[in-house]
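1. Give me the fold of what follows.
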Amino acid sequence: MSEAAPDRTARVVLVDDHRMFRTGVRAEIGRTEATGIDVVGEADDVESAVRVVAETRPDVVLLDVHLPGGGGVEVLRRSAGLMGEPGVKFLALSVSDAAEDVIGVIRGGARGYVTKTITGTDLVDAIFRIADGDAVFSPRLAGFVLDAFAATDTPPVDEDLDRLTQREREVLRLIARGYAYKEIAKQLFISVKTVESHVSAVLRKLQLSNRHELTRWATARRLV
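-> Have a look, this model is predicted:
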């Protein structure tokens, strides 16, 4: 990994619900002497993220989109008072490259969005760029944002969809694509029982009766 300028430092908080992923990111970017990055805190759900960000006031928060307790958008909403210039800046770091996830967190206040395929070198560069006030996106994701914010006929907010957490939306999308519960559990690194709970919550919130109605609902909104 190339070294950052020795006189530059950035204080970072890692927010992701997978401990092994946080450990890997910390090992990759957290060598302060080599990169200038100082990881000052970690969190694995919305509540702990909001608390740690408020306590540490980092330069940049690396924020996963899908988190227990409401997702990355909820962290952004509850941390809005800490943003601004100067203030805490958020960079979404997610496995998802779905347009609605990208647009959701950018509208929530994040300064950029990169996927977890990013290299350690590029992530360090992205952190410093975000700290400097730039916007950073993985290739092709910037197009989603440009299209969403440039369109004059942007559709109104979908109140039904907004009732769902980010994790519930991901389960909804996979159900609509025909995935079985076991396949969803494996892909999202959660238990089958948790998948069933999310499906039940989605059906209740959307006032639907079964997965067939759910699939039609998602297809009609082009979420599949």
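2. next one: the lengthiest helix in the chain to chain centre, how far?
-> The single longest helix within the chain, with elements called by DSSP state H, is helix 192-206. Computed by Cα atoms, centre = their mean, to the nearest Å, the chain-centroid distance of helix 192-206 equals 20 Å.
3. which residues in this protein form strands?
-> 10-15, 37-43, 60-63, 89-94, 112-115, 136-137 (DSSP state E).
4. Which elements pack onto the last one?
-> What that stands for is strand 136-137. With contacts taken as 3 or more Cβ pairs under 8 Å, 6 or more residues apart in numbering; DSSP states H and E, strand 136-137 sits against strand 112-115, helix 120-131. In short, each C-beta sits where N, CA and C put it, glycine included.
5. and what of the third one?
-> Helices and strands touching strand 60-63, by 3+ Cβ pairs under 8 Å, 6+ apart, are strand 10-15, helix 46-56, helix 71-78, strand 89-94, helix 120-131.
6. These into TSV, with extra columns for mean pLDDT?
-> Formatted as TSV, the helices and strands packed on strand 60-63 follow (pLDDT from 0 to 100):
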stretch	mean pLDDT
strand 10-15	94
helix 46-56	94
helix 71-78	88
strand 89-94	92
helix 120-131	91
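7. With mean neighbour count and distance to V202 added, can I get these in a markdown table?
-> Listed next are the helices and strands packed on strand 60-63 as a markdown table, based on neighbours: other Cβ atoms under 10 Å; distance: least, Cβ to Cβ, whole Å:
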| stretch | mean neighbour count | distance to V202 |
| --- | --- | --- |
| strand 10-15 | 24 | 24 |
| helix 46-56 | 18 | 18 |
| helix 71-78 | 23 | 14 |
| strand 89-94 | 26 | 20 |
| helix 120-131 | 20 | 33 |
